[in-house]
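S.K.: what's the 3D shape of this:
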Amino acid sequence: MKASAWTSPHSPSTFLFLQFHGNPHQLDSGVIMSSRKASKPLPKFEIGNDYQILHAIGEGAYGTVAAALHKPTGRQVAIKKILPFDHTLFCLRTLRELKLLKFFSETCVNENIISILDIIKPPTLDSFKEIYFIQELMQTDLHRVIRTQHLTDDHCQYFVYQTLRALKSIHSAGIVHRDLKPANLLLNANCDLKVCDFGLARSVKTSVAGGKEVGIMTEYVATRWYRAPEIMLSFKMYTKAIDIWAVGCVLAELLTGRPLFPGRDYSHQLDLILDVIGTPSLDEFYAITSRRSRDYIRALPIRKRRPFATLFPHASKEAIDFLSKTLTFDPKKRMTVDEALEHPYLSAYHDPEDEPTVTPLSPSYFDFDMHKEDLTKDQLKELLYEEVMSFQPSI
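M.R.: Residues are numbered from 1 along each chain as shown. Model prediction:
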């Protein structure tokens with residue numbers, strides 16, 4: 001069984017003195033676990049005899065997660081039940097996530113990326129109606145922690161560092177996560193963080209929207225509050241910089257306890273962003289390839305960038321500088337993941353000898369994404385079945 005052996009030399013047990021509910025070294029696991037339990041009754045889990053369901057954790061648009069016991073080892077795990085076959089979109093998301101989780105789990109490259117330990121194999125293709133991922137059990141996510149607990153600047157640094165440590169491996173593989181947000185950053189009581197949910201991830205080489213304009217009101221990628229402006233403004237091509245923008249949004253939320261850009265819709269979202277970072281310069285304006293988006297920007301009042309020191313009066317100078325280099329309109333002016341890891345704000349944790357990278361994935365790894373309009377649900381089901389049956393468990 002693969003173990004997560006990575007520990008920062010300044011991890012919470014040795015450096016961060018957490019002041020949660022009187023315990024100097026941990027988040028309050030009792031509060032955390034209760035916040036992860038779902039109130040609705042669990043659907044039936046067809047998982048064989050090796051696993052025993054303990055309780056529900058949560059549910060999403062196309063799946064349910066439960067805590068379970070792996071009886072042969074006594075290890076507690078999370079089991080994610082997915083029902084992907086109602087919609088082609090769900091099939092595509094599940095296939096992307098499965099392929100990437102397999103890749104990172106098999107390389108065992110990064111302890112800050114959630115691993116997949118096992119998959120329940122169906123007897124036949126015809127009986128393949130649902131998918132069960134067995135993963136590491138984490139006790140909460142950053143969204144819940146931000147809402148319920150006071151965080152010091154040390155916590156903010158540590159969480160951002162671990163997110164970037166995962167992102168360095170993801171970006172080195174030629175992958176853009178596209179959905180970084182507090183709810184997709186899982187935590188345990190020791191403040192260990194793991195990035196999850198790769199259902200929206202893409203190869204950088206396939207991140208051009210087919211050369212087509214994407215409408216300004218089109219739901220595209222990522223939860224709206226963490227979307228980079230180039231996504232909403234229909235840039236012809238987006239890059240790894242969209243993940244860096246999301247990291248900046250996460251840090252801002254860690255510092256204040258509330259989202260920086262909680263837009264109600266696309267127009268409101270863009271208005272909130274420009275109210276903080278200001279109207280784009282002429283060069284930035286003409287980098288927007290969508291004529292409709294340029295017309296929209298032109299119709300808005302001109303605004304100056306608001307000083308981050310005013311927006312975040314209690315943040316350190318290093319944190320302010322980090323935010324200013326991640327939350328920029330021009331994606332080319334944002335820090336790369338390497339530059340972000342080297343930033344003075346994260347100097348207590350940065351260790352270039354322990355920030356792993358991988359060989360970039362071949363673009364063919366995402367061939368199905370290039371031809372997704374031509375794939376039927378039955379064809380996607382066969383692709384998923386092949387991935388499930390070829391998986392080698394590590395528990």
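
S.K.: Got the phi and psi for N188?
M.R.: phi -110, psi -180 (degrees, to the nearest 10).

S.K.: and it, how many neighbours?
M.R.: 18 (other Cβ atoms under 10 Å). (Glycine included, C-beta is placed from N, CA and C.)

S.K.: Against A189, how distant is the residue nearest to it when sequence neighbours are not counted?
M.R.: Leaving out its chain neighbours, the residue that sits closest to N188 by Cβ to Cβ, 6 or more residues apart in numbering is Q139, at 4.8 Å. For Q139, the distance to A189 equals 6 Å [Cβ to Cβ, to the nearest Å].

S.K.: So which of those two has more stuff around it?
M.R.: Q139 (24 against 21).

S.K.: Do I have it right that K377 meets C91?
M.R.: Yes. K377 lies in contact with C91 (Cβ atoms under 8 Å); the separation is 5.9 Å.

S.K.: Overlap in contacts, the two.
M.R.: F85 (Cβ atoms under 8 Å, 6 or more residues apart in numbering).

S.K.: between those two, who's got more neighbours?
M.R.: Neighbour totals were compared for K377 and C91, and C91 leads with 25 against 15 (other Cβ under 10 Å).

S.K.: buried stuff in the host helix or strand of that one?
M.R.: Remark: C91 resides in helix 88-107, with elements defined by DSSP states H and E. Neighbour counts over helix 88-107 (16 or more other Cβ atoms under 10 Å) mark 88, 90-105 as buried.

S.K.: For that helix, name the packing helices and strands.
M.R.: The contact analysis (3 or more Cβ pairs under 8 Å, 6 or more residues apart in numbering; DSSP states H and E) places helix 88-107 against strand 116-119, strand 131-136, helix 367-370, helix 377-389.

S.K.: change it to 7 Å
M.R.: If you count contacts as 3 or more Cβ pairs under 7 Å, 6 or more residues apart in numbering; DSSP states H and E, helix 88-107 packs onto strand 116-119, helix 377-389.

S.K.: and that helix, how far out from the chain's middle?
M.R.: 14 Å (Cα atoms, centre = their mean, to the nearest Å).

S.K.: which residues are contacting that helix?
M.R.: 62, 82, 84-85, 110, 113, 115-116, 131, 175, 198-201, 358, 361, 365, 368, 372, 377, 380-381, 383-384, 387, 391, 394 (Cβ atoms under 7 Å, 6 or more residues apart in numbering).

S.K.: Just the buried ones from these, in PyMOL syntax?
M.R.: A single PyMOL command selects the buried members of the contacts of helix 88-107 (16+ other Cβ under 10 Å):
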select buried, resi 62+82+84+85+110+113+115+116+131+175+198+199+200+201+358+361+365+368+380+381+383+384+387+391
